[in-house]
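Student: Model the structure of this input:
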Amino acid sequence: MQVVWHGDQVVKNIKPFSLRNHSGFSIRSDDFTGQHVVFCCVALGTLPAFSSETNKLAELVSRLGSRNARVVVITQAGLGANQDFAMRIGGSIDVLFDADGTVSQMLRSVSGQERVDYQAFFSVLGPMGKLVKWLNAGDLEDGLETLNDYFSAKRLIGDRVPDVPIQQLEHGKALTRSSGEWFAGKRVVVFGVPGAFTPVCNLEHLPGYIAAAGQMHGRGVDQVVCIAVNDAYVMDAWARATKTPSKVAMLADGSGRFTRGMGLSLDLSGAGLGMRSRRYAMLVEGGVIIHMNVEAGFDVRVSGANSMLQLLNH
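Tutor: Residues are numbered from 1 along each chain as shown. So this is what the prediction gives:
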């Protein structure tokens, strides 16, 4: 059976909600802010079948536990059954009670996945509390494998940036260094763009960081970096055309290896641009991702300089 993720290019807002753990304590949606959360909404009567997949579930938890991500099973099986299930899986997974099914139904409705004749519905909330990915799973094992594959291909808050070759033009020559070496020991604000000279990147995204670079350095940032799937000569020409100061480094990910390693590739073949990068911004300290904002579309909303300045101010 083929399991297909939905989302990726679109994020969806969800309403505040409250669930209960097996001890009866209330867990609110605000409690999940700041991390990726996988919600596994298990259909009524499916809990016994789900119990047989605890090894797969434990593997997922093990992979995500050190990556600022959390796995939550939502059931309507009753507090007693939830407590029994939680004890059998060793307490490493949150099992929360959705008494009347309103939270599970809300997650399904927001994502447009109204059918309930599946063993489970999986949804992923990003650090900002928005729904970023979802799928119905007719087979629990396939669904859990798909989750593992999805997160294996993504960089999350708390991960290290990919260690791959990147280039920068210096004195007319394209010099290659590893990204791991480039980010080592530095506090860096990075913004990724679909392409040099393209309208939104050229007129809005890059100019915002040029204007804010001085303030960012004043707030303890060692370097501001613009990175795109372009060659080093194009990135240098773009810097000269926009009078970009040295406080903003223009790095070339010509082969797209850094972008693919981040899990942020964007296929713009239909527009004649080939494989490019999604628009995003992140704060990296010593090669570790501290914060990351990825745009759902092409506009500059959460990845602009003002958003990152607000982050640095707190």
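Student: So residue 304 sits against residue 280, correct?
Tutor: No - using CB atoms under 8 Å, residue 304 makes no contact with residue 280, being 10.9 Å away. C-beta here means a position set from N, CA and C on the backbone, and glycine is covered the same way.
Student: anything in contact with each of the two?
Tutor: Counting by CB atoms under 8 Å, 6 or more residues apart in numbering, residue 304 and residue 280 have no contacts in common.
Student: What pLDDT is listed against residue 4?
Tutor: Residue 4 carries a pLDDT value of 52.
Student: now swap in residue 44 and tell me
Tutor: With respect to pLDDT, residue 44 has a value of 53.
Student: Check residue 194 too.
Tutor: 96.
Student: now it: how far from residue 213?
Tutor: Noted for residue 194: a distance of 21 Å to residue 213, by CB to CB, to the nearest Å.
Student: Equivalent analysis for residue 221, please.
Tutor: To residue 213, residue 221 is 8 Å away according to CB to CB.
Student: now residue 171
Tutor: Relative to residue 213, and taking CB to CB, residue 171 is found at 22 Å.
Student: Specify which residue of those two has the higher count of neighbours.
Tutor: The residue with more neighbours, out of residue 171 and residue 213, is residue 213; 20 against 5, by other CB atoms under 10 Å.
Student: Just give the nearest non-adjacent residue to the more buried one, would you?
Tutor: residue 247 (4.0 Å; CB to CB, 6 or more residues apart in numbering).
Student: same thing with residue 165?
Tutor: Counting by CB to CB, 6+ apart, residue 176 is the residue found nearest to residue 165 once chain neighbours are left out, at 5.0 Å.
Student: if I pick that neighbour, what's in contact with it?
Tutor: Neighbours of residue 176 in contact, by CB under 8 Å, 6+ apart: 165, 166, 167.
Student: same deal with residue 208?
Tutor: 300, 304, 305, 306.
Student: Okay, and the nearest residue to the second one once chain neighbours are set aside sits in which element?
Tutor: Distances taken as CB to CB, 6+ apart place residue 208 nearest to residue 304, at 5.1 Å, with adjacent residues excluded. For residue 208, the enclosing helix or strand under DSSP states H and E is helix 206-218.
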